[in-house]
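[1] build me a model from this:
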Amino acid sequence: MPATRAPRVPAEERLFSLVLALLSTESGLTKAEILANVQGYRQRFTPGGDNASLERQFERDKDDVRELGIPLETIETPGAAGNNQTLRYRIPKGEYDLPLDVRFTPDESALLSLAAMAWREGALSADSRRALLKVRSAGTDDSAADDTGADDVEDPRGMAAYAPRLRTRDAAFEPLRSALDRAAAVRFDYITPGEHEPRQRDVAPLALVQHGGRWMLCAHEFSTGGTKNYLLSRIVGPVTTHHPGQHPAPAGAGERALAELDRIWAERTARIAVQPGSDAERRLQRRRGTEVDGGGVLVVHHVDPQILAEELAAFGPEVRVLEPAALRERVAARLRGLVADHTDPEETARG
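    Numbering: from 1, shown residues only. Model (predicted):
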C-alpha cells in the first residue's frame, strides 16, 4: 500500500508555528525537537530517517524569520561548541513584545486574525507579515502552547472555515505550478528592473522556489538557451502554457536553483551607513549574514539590487548607501520618484 503523502502546510502557518514555539521556551529548542514537533515540519519528519530536505527548509525558514526583523537567537550547549546539532534556538519574548501602550481586546485580535487569514502567504508585504506574526504571537496565552508545538492555538475560535481565500499572492503562481505539474512551457510578460515596458518571455519552468521570502521561477529560456530566475511579482498579465508533456523539469532543479541564489547572495554585498539606535540599524543587523563594519556601517548581503534599493529607500534618512554606487543611485532615484509623486505641479509653479 503506497505511503500517504503528508498534507501541505502553508509557509505562513509554518513560520507562525515556528515563531510561537520559539517564544514559548526559555531554554530554547534543538533542530531535532523543532522538526519532530512543530506544525509544518513534524508532518514530514521521519524519526531516524533522512530529513536532509526538511533541515534545509528549516535553515531557509530561519533566514525568513530574521529577514522579518524577529530576534531569533542561537544558544550553544556547554561542552559542544560548534556542533550545529546541539544548538538551541529561541526568541526572547521581551524583545518581541508589543509596545506597552498597544493592546488588543480578544475581539480585535480575532478580527485581525480573520482578516489576515484571507490572504495567502505571498500576498502580504514583509511589513504586514512581520506585524501579523507579532500580533498573533502576542495574543496567545503562554499556557496554551508547550515548548515544542503550536497546533492547538492557531485558530481558537474556529474561524478558518469562514475566512475567504484571496489568492492574490502572485497571480502567476498557480498557472506556473500547474505548468510544472504538466511539464509544459509557458509564455508571459516580464518587467525587468529599470524598464517601463514588459517584454515577452518564453520559457520552460524548472522550479518554483522561495528565497528571502519572495517567490521566484527558475526556468530555461528558449531565446538564450540559458537558465534564469524570474521574480513572480514582476510577471504582468496572464501566463499561458503550451506543449504540455514536452518539458519535464529535471530532478533536484529546485535545490540547484536555491544553491545558485545562495551563491549570488553570498557574492553581492552593500556597505550601508545607518543611524545608531534606528529602526534601520535594528532590522538590517538582523538580516542573515549582515556584518558590522564599525562606525555605524553594516555590510548587507542581497540577491536583487532593485529589491534592496526599495527596502533601503523605505528607511528614509536612517540609511546612506556607501557602495556600490549603482545601488546608491537606485535608492536616490526611488526617493526622487517618491518626491515627484507627492509634489503638486501647480503648487510648485506658483512658487
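
[2] counting neighbours, what do you get for the residue nearest to residue 288 when sequence neighbours are not counted?
    Distances taken as C-beta to C-beta, 6 or more residues apart in numbering place residue 63 nearest to residue 288, at 4.4 Å, with adjacent residues excluded. C-beta: built from backbone N, CA, C; applies to glycine. The tally of other residues near residue 63 (other C-beta atoms under 10 Å) stands at 19.

[3] is residue 63 in a helix, a strand, or coil?
    helix (DSSP: H, G, I helix; E, B strand; the rest coil).

[4] just checking, what's the longest strand in the chain?
    Looking across the chain with DSSP state E, the single longest strand is strand 199-211.

[5] any idea of the mean pLDDT for whatever helix or strand comes next after that one?
    Using DSSP states H and E, the helix or strand that follows strand 199-211 in sequence is strand 214-221. Averaged over strand 214-221, pLDDT sits at 92.

[6] next one: residue 243 relative to residue 65, how far apart?
    Distance of residue 243 to residue 65, computed by C-beta to C-beta, to the nearest Å: 40 Å.

[7] neighbour count for those two, which is higher?
    residue 65 (23 against 12).

[8] right, and that one touches residue 71 too?
    No. Using C-beta atoms under 8 Å as the test, residue 65 is too far from residue 71 to be in contact (9.3 Å).

[9] neighbours around the nearest residue to residue 232 once chain neighbours are set aside, how many?
    In space, and not counting its chain neighbours, residue 232 is closest to residue 170: 3.9 Å by C-beta to C-beta, 6+ apart. Using other C-beta under 10 Å, residue 170 is surrounded by 21 other residues.

[10] and the gap between residue 170 and residue 330?
    Counting by C-beta to C-beta, the gap from residue 170 to residue 330 is 23 Å.

[11] got it, and residue 190?
    When residue 190 is compared with residue 330 (using C-beta to C-beta), they lie 19 Å apart.

[12] now stretch 227-240: buried residues?
    Buried residues in stretch 227-240, counted by 16 or more other C-beta atoms under 10 Å: 227, 229, 230, 231, 232, 233, 234, 235, 239.

[13] what's the most distant pair in those residues?
    227 and 233 (19.9 Å; C-beta to C-beta).

[14] where in the chain is pLDDT low?
    Residue ranges of the chain with pLDDT under 70: 1-8, 79-82, 94-104, 106-169, 194, 344-351.

[15] how about the strands in it?
    29-30, 73-75, 88-90, 185-190, 199-211, 214-221, 227-231, 235-242, 269-274, 291-294, 297-301, 319-323.

[16] list the helices and strands the third one packs on?
    Secondary structure elements in contact with strand 88-90, counted by 3 or more C-beta pairs under 8 Å, 6 or more residues apart in numbering; DSSP states H and E, are helix 11-23, strand 29-30, strand 73-75.

[17] measure the residue most central in space within the chain to residue 75 for me?
    Of all residues in the chain, the one closest to the mean position by C-alpha atoms, centre = their mean is residue 213, 1.6 Å from it. Per C-beta to C-beta, residue 213 is found 25 Å from residue 75.

[18] repeat that for residue 174.
    41 Å.

[19] contact partners of stretch 71-85?
    The contact list for stretch 71-85 (C-beta atoms under 8 Å, 6 or more residues apart in numbering) reads 22, 27-28, 30-32, 62, 65-66, 86-92, 95-96, 286.

[20] and with 6 Å instead?
    With contacts defined as C-beta atoms under 6 Å, 6 or more residues apart in numbering, stretch 71-85 is touched by 28, 65, 66, 86, 87, 88, 89, 90, 91, 95.

[21] could you report the neighbour count for the nearest residue to the first one once chain neighbours are set aside?
    Across the structure, with C-beta to C-beta, 6+ apart as the measure, the residue nearest residue 28 apart from its sequence neighbours is residue 88 (3.1 Å). If you count neighbours by other C-beta under 10 Å, residue 88 ends up with 18.

[22] just residue 326 next, same as before
    With other C-beta under 10 Å as criterion, residue 326 counts 11.

[23] nearest residue to it other than its sequence neighbours?
    residue 305 is the one closest to residue 326 (C-beta to C-beta, 6+ apart), at 6.8 Å.

[24] that neighbour reaches residue 328, doesn't it?
    No. Counting by C-beta atoms under 6 Å, residue 305 does not reach residue 328; the two are 10.4 Å apart.

[25] residue 287 versus the closest residue to residue 64 other than its chain neighbours, what's the distance?
    Distances taken as C-beta to C-beta, 6+ apart place residue 213 nearest to residue 64, at 5.0 Å, with adjacent residues excluded. For residue 213, the distance to residue 287 equals 11 Å [C-beta to C-beta].

[26] just the buried residues of the contacts of stretch 71-85.
    28, 65, 66, 86, 87, 88, 89, 90, 91.

[27] if you skip the residues just before and after it, what's nearest to the fifth one?
    Among residues not flanking residue 87 along the chain, residue 74 sits closest, at 5.1 Å (C-beta to C-beta, 6+ apart).
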